[in-house]
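Undergrad: coords please:
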Amino acid sequence: MIFKRIQLDEKYDNVFLDVYVADKTENFTRNAILVIPGGGYRNICSDREGEPIAMAFMPYGYNAFVLSYSVSRQKTFPGQLIEASLAMKHIKDHAEEYNIDPERVFVTGFSAGGHLAASLGTMWHIPEIYNATGMEYGYNKPAGMILGYPVISGDPDFSHPGSFCNLLGTDEPTPEQLASISLENHVDEKSVPMYVMHTSNDGTVPVKNALVIAEAYAKAGKTFELHIYPDAPHGIALGNAITGKSNAKLINPCIEKWIEQAVAWAKNI
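TA: Next up, the predicted model:
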């Protein structure tokens, strides 16, 4: 197995991509998955939603890439989306080296990382990305997105306010600013296929975030799969002992099947 760290922005030491590439198997090309941990755009929960997620996808024929992106108001949106796009560019530029199919690069993200993953899946085409990077139009577009208890909407009735304040760099974002990065407002014919899992009693990022983007996908006639599990706190991650860290509430044999279900979904994309 190969592991290495790729710096994505020479100005910021904390913006990088961790690369996990399995040894080559003859006559087998892997899918790829870009993993985006959460942390409220304040920090990055890589210990639970980074490497463990990468390791979980690899037995299913994926090589994995974990993104560390700008947090704590280091940049404002779309700075983080540009960083995620640079990560996609690196993965596709090195597809042969990494033994992956460049047409089957998926993205997965959790909580605020789910917002960034969903931004990549619904806003991959905005001009700011190409003005900043010079990459070919659509080169950053993922094959599909897999979202875990994602932050989606700035609606004050069910948003995660801290994520949006950090992303916008202000403690008092305007309704217009919130609407501009509420991802249910960006679902259209360009949006990529979507898999979402959430829990009904998530006390940090309300389940309505998953429901509003699913509703937007339904209205747009776009492909999606939605799983709402009945009982688990925010941050369930893999739902097993690896990410549960002795917290019984974060270990659930039913929920830990989500990754197998997501992989099955991706096979049909």
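
Undergrad: Can you tell me who Asn31 pairs with across the strands?
TA: The partner list for Asn31 in beta bridges (DSSP bridges) reads Tyr62.

Undergrad: Leu167 - how many residues pack around it?
TA: By other CB atoms under 10 Å, 31 other residues sit near Leu167. Just so you know, the C-beta spots here come from the backbone N, C-alpha and C atoms, and that holds for glycine as well.

Undergrad: repeat for the one 10 residues further on
TA: Gln177 is flanked by 18 other residues according to other CB under 10 Å.

Undergrad: Spit out the contact partners of it.
TA: By CB atoms under 8 Å, 6 or more residues apart in numbering, Gln177 lies in contact with 154, 168, 170.

Undergrad: could these go into CSV alongside secondary structure and neighbour count?
TA: Below are the contacts of Gln177 laid out as CSV (DSSP: H, G, I helix; E, B strand; the rest coil; neighbours: other CB atoms under 10 Å):
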residue, secondary structure, neighbour count
Gly154, coil, 26
Leu168, helix, 20
Thr170, coil, 13
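
Undergrad: Sort out which one of those residues lies nearest Ile44 for me.
TA: Proximity of the contacts of Gln177 to Ile44 (CB to CB) peaks at Leu168, which lies at 18.2 Å.

Undergrad: any chance you could map the strands in the stretch 1-150 of the chain?
TA: In the stretch 1-150 of the chain, the strands defined using DSSP state E, counting those that start in this stretch lie at 2-7, 16-21, 30-36, 62-68, 100-110, 145-148.

Undergrad: Excluding chain neighbours, give the residue nearest to the residue nearest in space to the middle of the chain in space.
TA: Of all residues in the chain, the one closest to the mean position by CA atoms, centre = their mean is Gly109, 2.3 Å from it. Nearest-residue entry for Gly109: Ala117, 2.8 Å, with adjacent residues in sequence omitted and distances by CB to CB, 6 or more residues apart in numbering.

Undergrad: who touches that neighbour in this structure?
TA: Counting by CB under 8 Å, 6+ apart, Ala117 touches 34, 36, 84, 107-109, 145-147, 150.

Undergrad: switch to 7 Å and redo it
TA: Shown in contact with Ala117 (CB atoms under 7 Å, 6 or more residues apart in numbering): 36, 107-109, 145, 147.

Undergrad: Just send these back as TSV, with pLDDT and distance to Tyr139 too.
TA: Listed next are the contacts of Ala117 as TSV, based on pLDDT from 0 to 100; distance: CB to CB, whole Å:
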residue	pLDDT	distance to Tyr139
Ile36	98	18
Val107	99	14
Thr108	98	19
Gly109	98	19
Met145	98	16
Leu147	98	22
